[in-house]
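Undergrad: A predicted structure for the sequence below; I have some questions about it.
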Amino acid sequence: LTNILRLSKGQNMGNFQERFYLNFIKDDRWMYMWDGLKITLEVTLFATLLGIVLGFLVAIIRSTHDRTGKLKIMNVLCQIYLTVIRGTPAVVQLLIMYFVIFGSVKGISKVLVAVLAFGINSGAYVAEICRAGIMSIDIGQMEAGRSIGFSYGQTMWYIVLPQAFKNVLPALGNEFIVLLKETSISGYIALQDLTKGGDIIRSRTYDAFMPLIGVAIVYLVLVLGFTKLVSMLERRLNQSER
């Protein structure tokens, strides 16, 4: 019985090594995932920047309307944007962006399309996160800023937004992580991201387990790393107040 268990263990180990070699080492197939990882990080980074810019603009417009009653038309446009984007799946938005909006544009960069689609999608969620952060700041902060001669914009920029940013940082970190994982649908427009790289390996080796587990591990490591960075930044901001 002992010999049988040893033989079985040896066969399993050999089988694992063979499958690992076949999926990642042979013909440098790990490069599919490496190249896909670079595309995933590129799309996530620029989509996050676009989402933050859009989100802050929409949040400022909506919070300004809530507190002053101004910017009514822009507030209506922002509400339409939020309703449409948050009410439709991200994959559908990506397909519309690629096949409808840029369908007639020859040679359009798929990375650019993905950045625009995910950035616009993320902006809707960032907007509500930031608006909640702005509205959480006591109205007395705004009144104090105006009383020392600041304009409304200066008060928002120098007093309200820094405090709001600290309050919403954990939620923004979570949104970045969600966006990172959401880019895995980029393969719908034939963009070779990390997930698509694993799928290409699977199509070469006809082995789904190793490539998919490899992709999952890479995503997990990325998420854990970014979660740690957000936690460190949050602690640094808290220490700066002491």
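TA: Done, it's in. Numbers count the residues shown, from 1 in each chain.
Undergrad: This structure: helices as residue ranges?
TA: Listed in chain order, the helices of the chain (DSSP state H) span 2-20, 30-68, 72-86, 90-95, 110-136, 139-147, 152-155, 161-182, 194-205, 209-240.
Undergrad: Nearest to Ile101, out of those?
TA: Nearest of those to Ile101, taken as CB to CB: helix 110-136 at 8.4 Å. In this view, the C-beta of every residue, glycine as well, is placed from N, C-alpha and C.
Undergrad: What average pLDDT does the closest one get?
TA: Mean per-residue pLDDT for helix 110-136: 93.
Undergrad: on that earlier part again, make a markdown table out of the helices of the chain and add mean neighbour count and distance to Phe102.
TA: What follows is the helices of the chain, written out as a markdown table (neighbours: other CB atoms under 10 Å; distance: least, CB to CB, whole Å):
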| stretch | mean neighbour count | distance to Phe102 |
| --- | --- | --- |
| helix 2-20 | 10 | 39 |
| helix 30-68 | 19 | 15 |
| helix 72-86 | 14 | 18 |
| helix 90-95 | 16 | 11 |
| helix 110-136 | 21 | 6 |
| helix 139-147 | 13 | 41 |
| helix 152-155 | 14 | 35 |
| helix 161-182 | 18 | 20 |
| helix 194-205 | 21 | 19 |
| helix 209-240 | 14 | 27 |
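Undergrad: which intervals of this protein have sub-threshold pLDDT?
TA: For the chain, the stretches with pLDDT under 70 are 1-14, 240-242.
Undergrad: which residue sits closest to Lys72, ignoring its sequence neighbours?
TA: The shortest distance from Lys72 to any non-neighbouring residue, by CB to CB, 6 or more residues apart in numbering, is to His65 (6.5 Å).
Undergrad: Phe56 versus that neighbour, what's the distance?
TA: Relative to Phe56, His65 is positioned 15 Å away (criterion: CB to CB, to the nearest Å).
Undergrad: what's the answer for Phe102, then?
TA: In terms of CB to CB, Phe102 sits 26 Å off from Phe56.
Undergrad: contacting residues around the spatially most central residue of the chain?
TA: Nearest to the mean C-alpha position of the chain, by CA atoms, centre = their mean, lies Leu179 at 2.0 Å. By CB atoms under 8 Å, 6 or more residues apart in numbering, the contact set of Leu179 is Thr44, Ala47, Thr48, Gly51, Phe118, Ser122.
Undergrad: Closest to Val221 out of those residues?
TA: Closest to Val221 out of the contacts of Leu179 is Thr44 (14.3 Å), distances taken as CB to CB.
Undergrad: Once you drop chain neighbours, what's closest to that closest one?
TA: Leu180 (4.8 Å).
Undergrad: Next, the contact list for the one you found, please.
TA: Contact partners of Leu180, counting by CB under 8 Å, 6+ apart, are Thr40, Thr44, Tyr219, Leu222, Val223, Phe226.
Undergrad: Give me the neighbour count for Lys26.
TA: A count of nearby residues for Lys26, using other CB atoms under 10 Å, gives 13.
Undergrad: quick one: Leu191 and Glu42 touch, right?
TA: No. The pair Leu191 / Glu42 is not scored as a contact, 10.4 Å apart, by CB atoms under 8 Å.
Undergrad: hey, what's in contact with both of the two?
TA: Listed as contacting both Leu191 and Glu42 by CB under 8 Å, 6+ apart are Val111.
Undergrad: Next, work out how far apart Tyr152 and Ile159 are.
TA: According to CB to CB, Tyr152 stands 11 Å off from Ile159.
Undergrad: shared neighbours of those two, anything?
TA: By the contact definition CB under 8 Å, 6+ apart, Tyr152 and Ile159 are jointly contacted by Met142.
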